[in-house]
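Student: Next input, structure requested:
(2 chains)
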Amino acid sequence: MAVATFILKRFVQIVITLILVMSVSYIMMYYSPGGFMNTTTMATVLAPLQGQNPILYQQVMDQFQSRYGLNLPLWQQIVKYVWHELTFDFGNSMQNPSLTIMSQLKQTLPISTLLAFGSVLLSVVVGVPLGIVAALKRNTWIDYVVGTVSLAGQAIPSFVLAVIMVLLFGVALPGILPIAGWGTWKDAVLPIVCLSAANIGVVARYMRGSLIETLRQDYIRTAKAKGVKYWPMIYKHGVKNSLTAMITVVGPQFAVTVMGTIWVEQIFGIPGLGKVMQSAFTSFDYPLAITSVFLLGSMIMIMNLLVDIVYALIDPRVKL
Amino acid sequence: MAGTAAATSSDVAVRKKNRNRSPFYQGWKRFKKHRLAVVGLAWVVLFFIAGIIGPWVAPYDYRIGDFLAINQGPSWTHIFGTDNVGHDMFSQILYSIRSALIVAVGATLVSFVIGVVLGLWAGLRGGLADAIIMRGVDFMMTLPGFLFALILVVLLGRGYWSLILAIGIPGWAGYARLVRSLVLGMRNGEMVEAARALGASQAHIARRYMLPNVTGSMAVSLAFGIPGDLAQIAGLSIFGMGLQPPIPSFGNMLAQAGDNILGFPWLLYFPAGIFAITLLAFLFVADGLQEAFNPKGGH
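Tutor: This is a model prediction of the structure:
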């Protein structure tokens, strides 16, 4: 019961935050200079019309405004857009009026989600063992190498790493892995590696710190005194107890990864959410931009909620 | 004569002893032990110097391309090569360093000032102000700052000031939380209590006792902030929302050269390499500072 109330409370919080974020985003876009009809492509099409047939031009503009509700007062526009988002009725984008945003998302969202989840998985699979090794070999050269490499992974953003990967696999070692496009599993390798570098660093550093802290506890000494063998002790008493702290790190890190997919998709030419989002913001495509904000925000917050639930399930001391 | 000489030398000794005991000298001594941090600091200093003197040493104008020499490899006339409209890459990089530093340092300062003011206010006032500010912090922390930056760029445009504000405004939450926790930790501490018992004013306590104790943590958070903002600017450019060309920037170079990467890879060697090394150097410095001033604090 307590769990249900907790989830309900958090869900309400998420919805309120989303409404706030979407409203603020909409107000900022509303007051921004320029608009979809002023972007380069549309302006070049419309400019001759404005000169030759001002009445038709006015009709086109009016139709456009009423179609997207831009002739309403600001507060009504906000209510309309926010309500439509919350009911998953995303409407049509301005750039592709014949295509619903939902159908665009059906093609792009799975790709970005695959990249993000693949990256979280890879970072846990690689980061946790690295952290364990660093903690057990504390203050040796292995520890320093792991520490420096993790710091490097955190320092260099995914898109810079992506460019370096393209140089490496496109110019220096061509033919091993594809550097652009989307189709086979091979296409996912480099993007996922680029996305994971930062996460691997974070996971390894936290795992190291947390395991060192755990191994200092009294129950480890007791286990040693009892004569528990080294590896079973490390695994059962050490690693298992440090993993709970890890989950709190992996969750928020997922937020960074979701944003990261957007850049990595740009560089590797992957038709994911990133391409859609970029065109939305650069061309003032209100419906698409608000949908992007909604999707990113809800994905991140739901992920954080899941982390809290999993955390409570694993660690009986934590109460929701 | 002998008396004054003796006094002077003992003065010097005292001053030296005091200097040795100052937290900055101690911190510097610890910082020097991290070889990577020192190397990083050298690179960062070089980067700042390049950013400041860039316009005077750049061999070519960043706006003017030589159409007879496009997409050239490195040579003696263009040591880093030229891009697809004949811009000299070396000059482009020098100007990019400048633009990156202007925006990153500016944005970090904007975040820092907002964060410190709100954090101090929340920490010292408490009550309703504290509650409202901390809800704001939670709100900003839930979503990536990049999303807010993106929308702010749509609103403000793509000039220097707009980008400084777009990246700086969403970044305040972390600083505010840090300052608040430092203030709360100290407000009820023995040192402050003793000063208050002796009748020291609030301003005097803040200046004389609180500030010196937070400079280390502040320096560390600023040192982590600048590379973060450098990455954000470049990230915005990749998205087509960074500094408006023709102002050169690392992000634009990375984004543009991506189109013909296989034909002319040298367009990327230097921008990508220098940018990556710079971020790494900043982070090594920040990490060194962290261990020098905050030995207990984890990551």
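
Student: for the stretch 151-299 of chain B, which spans come out with low pLDDT?
Tutor: Scanning the stretch 151-299 of chain B for pLDDT under 70 picks out B:257-262, B:294-299.

Student: Would you tell me which residues of it are close to chain A?
Tutor: B:151-152, B:154-157, B:227, B:231, B:234-235, B:238-241, B:254-255, B:258, B:261-262, B:265, B:268-269, B:272, B:275-276, B:279-280, B:282-284, B:287, B:298-299 (CB under 8 Å from any CB of the partner chain). Placement of C-beta: from N, CA and C, glycine included.

Student: Could you identify the buried members of these?
Tutor: Buried subset of these (neighbour count, 16 or more other CB atoms under 10 Å in any protein chain shown): B:151-152, B:154-157, B:227, B:231, B:234-235, B:238-241, B:254-255, B:258, B:261, B:265, B:268-269, B:272, B:275-276, B:279-280, B:282-284, B:287.

Student: going on from the strand or helix carrying A:Arg208, what's the next piece of helix or strand?
Tutor: Here A:Arg208, judged by DSSP states H and E, is contained in helix A:186-215. Next along the chain after helix A:186-215, taking DSSP H and E as the criterion, comes helix A:218-226.

Student: buried residues in that next one?
Tutor: Neighbour counts using 16+ other CB under 10 Å place A:220, A:223 of helix A:218-226 among the buried residues.

Student: Which strands or helices does that helix pack on?
Tutor: Applying 3 or more CB pairs under 8 Å, 6 or more residues apart in numbering or on different chains; DSSP states H and E, one finds that helix A:218-226 contacts no other helix or strand.

Student: Show me the shaky parts of chain A.
Tutor: Regions of chain A meeting the criterion pLDDT under 70 cover residues A:1, A:37-40, A:255, A:317-320.

Student: which stretches of it form helices?
Tutor: Counting by DSSP state H, chain A has helices at residues A:2-30, A:40-52, A:54-67, A:74-86, A:101-136, A:141-155, A:158-167, A:186-215, A:218-226, A:230-232, A:240-268, A:273-282, A:286-314.

Student: Are the second one and chain B in contact anywhere?
Tutor: Spelled out, it's helix A:40-52. No - under the criterion of CB under 8 Å from any CB, chain B is not reached by helix A:40-52; the shortest gap measures 12.1 Å.

Student: what's the answer for the fifth one, then?
Tutor: No - Helix A:101-136 stays out of contact with chain B when judged by CB under 8 Å from any CB, the minimum separation being 12.1 Å.

Student: That helix vs helix A:273-282, what angle?
Tutor: Relative orientation of helix A:101-136 versus helix A:273-282 (axes from the mean of the first three to the mean of the last three CA atoms, to 10 degrees): 120 degrees.

Student: And the residue of chain A closest to chain B?
Tutor: Among the residues of chain A, A:Ala155 lies closest to chain B, at 3.8 Å counting by CB to the nearest CB.

Student: what helices or strands is the helix holding A:Arg208 leaning on?
Tutor: Using 3+ CB pairs under 8 Å, 6+ apart as the test, helix A:186-215 ends up in contact with helix A:101-136, helix A:141-155, helix A:158-167, helix A:240-268.

Student: of all the ones you listed, which gets the most neighbours per residue?
Tutor: helix A:158-167 (a mean of 25; mean count of other CB atoms under 10 Å in any protein chain shown).

Student: still on that earlier bit, figure out which of the helices and strands packed on helix A:186-215 is closest to B:Leu109.
Tutor: Closest approach to B:Leu109 among these (CB to CB): helix A:141-155, 21.1 Å.

Student: Please state the offset of the closest one from the chain centre?
Tutor: Centre-to-centre, helix A:141-155 and its host chain are 24 Å apart (CA atoms, centre = their mean, to the nearest Å).

Student: and that helix, C-alpha only, in CSV?
Tutor: The C-alpha coordinates for helix A:141-155 follow below in CSV (Å, rounded to 0.1, in the frame of the first residue of the first chain):
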residue,chain,number,x,y,z
TRP,A,141,49.2,1.4,-10.8
ILE,A,142,46.0,-0.5,-11.8
ASP,A,143,43.9,1.8,-9.6
TYR,A,144,45.6,4.9,-11.1
VAL,A,145,45.1,3.8,-14.7
VAL,A,146,41.4,3.0,-14.0
GLY,A,147,41.0,6.3,-12.3
THR,A,148,42.6,8.3,-15.1
VAL,A,149,40.8,6.5,-17.8
SER,A,150,37.4,7.0,-16.1
LEU,A,151,38.2,10.7,-15.6
ALA,A,152,39.0,10.9,-19.3
GLY,A,153,35.8,9.2,-20.2
GLN,A,154,33.9,11.7,-18.1
ALA,A,155,35.8,14.7,-19.5
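
Student: so what does it touch, helix or strand wise?
Tutor: helix A:101-136, helix A:186-215, helix B:266-293.

Student: Looking at the ones you listed, spot the one closest to B:Asp66.
Tutor: Closest to B:Asp66 of the helices and strands packed on helix A:141-155, according to CB to CB: helix B:266-293, at 15.0 Å.

Student: burial of A:Phe90, as a residue count?
Tutor: When neighbours are counted by other CB atoms under 10 Å in any protein chain shown, A:Phe90 registers 21.

Student: Who are the contact partners of it?
Tutor: If you count contacts by CB atoms under 8 Å, 6 or more residues apart in numbering or on different chains, A:Phe90 has them with A:84, A:100-102, A:105, A:287, A:291.

Student: Now distance to B:Val113 too, for the helices of chain A, in a markdown table please.
Tutor: Compiled in a markdown table, the helices of chain A are given as follows (distance: least, CB to CB, whole Å):
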| stretch | distance to B:Val113 |
| --- | --- |
| helix A:2-30 | 21 |
| helix A:40-52 | 37 |
| helix A:54-67 | 40 |
| helix A:74-86 | 31 |
| helix A:101-136 | 34 |
| helix A:141-155 | 25 |
| helix A:158-167 | 28 |
| helix A:186-215 | 28 |
| helix A:218-226 | 46 |
| helix A:230-232 | 52 |
| helix A:240-268 | 25 |
| helix A:273-282 | 27 |
| helix A:286-314 | 27 |
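
Student: and A:Gly147, how far is that from A:Ala204?
Tutor: Using CB to CB, to the nearest Å, A:Gly147 is found at 8 Å from A:Ala204.

Student: any residues in contact with both of these two?
Tutor: With CB under 8 Å, 6+ apart, A:Gly147 and A:Ala204 have common neighbours A:Ala134.

Student: What residues does the stretch 151-300 of chain A have near chain B?
Tutor: Checking the stretch 151-300 of chain A against chain B by CB under 8 Å from any CB, the hits are A:151-152, A:154-157, A:159-161, A:163-164, A:166-167, A:170-171, A:205-206, A:209, A:255-256, A:259, A:262-263, A:266-267, A:278, A:281-282, A:284, A:289, A:293, A:296-297, A:300.

Student: 7 Å instead?
Tutor: Those residues of the stretch 151-300 of chain A that sit near chain B, judged by CB under 7 Å from any CB of the partner chain, are A:151-152, A:154-157, A:159-160, A:163-164, A:166-167, A:170-171, A:205, A:209, A:255-256, A:259, A:263, A:266-267, A:278, A:281-282, A:293, A:296-297, A:300.
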